[in-house]
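Chemist: Structure here, sequence nowhere to be found:
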């Protein structure tokens, strides 16, 4: 019984680590911002349609943007691929 509890605790404690991602890159984000907003779909001046999506609120840093390495988009589950200087 004690072994089952220990194994369950170990399994549950590693789930969050796996979900966080990080990709092994040297520079990673600090976690996606908990504050976000919806962006309506629109057409760019060159005619390209941009589908509706969610974006982190502006706050003067790129470390907590969904697209920054080490962060995970909580709406799509996608991990960030850009450096913090993009």
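Modeler: In hand now; what should we look at? These numbers come from a predicted model, not from an experiment.
Chemist: quick one: low-confidence ranges for the chain?
Modeler: 1-34, 86 (pLDDT under 70).
Chemist: Which residue ranges of it form strands?
Modeler: Using DSSP state E, the strands of the chain run over 36-39, 42-43, 49-50, 53-56.
Chemist: out of those strands, deepest packed?
Modeler: strand 53-56 (a mean of 15; mean count of other Cβ atoms under 10 Å). Yep, even glycine has a C-beta here, placed from its N, CA and C like the rest.
Chemist: tell me what that strand is packed against?
Modeler: strand 36-39 (3 or more Cβ pairs under 8 Å, 6 or more residues apart in numbering; DSSP states H and E).
Chemist: The strand it packs on - which strands sit beside it in the sheet, and in what orientation?
Modeler: Its sheet considered, strand 36-39 pairs with strand 53-56 (antiparallel) by DSSP bridges.
Chemist: what sits up against the strand it pairs with?
Modeler: The contact list for strand 53-56, computed with Cβ atoms under 8 Å, 6 or more residues apart in numbering, reads 32-33, 35-39, 64-66, 73, 75.
Chemist: Out of the strands of the chain, which gets nearest to residue 81?
Modeler: Comparison of the strands of the chain against residue 81 by Cβ to Cβ identifies strand 53-56 as nearest, at 15.3 Å.
Chemist: re earlier: TSV for the strands of the chain, including distance to residue 83?
Modeler: Formatted as TSV, the strands of the chain follow (distance: least, Cβ to Cβ, whole Å):
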stretch	distance to residue 83
strand 36-39	21
strand 42-43	26
strand 49-50	23
strand 53-56	16
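Chemist: between these, which one is nearest to residue 79?
Modeler: When those are compared (using Cβ to Cβ), the closest one is strand 53-56, at 14.8 Å.
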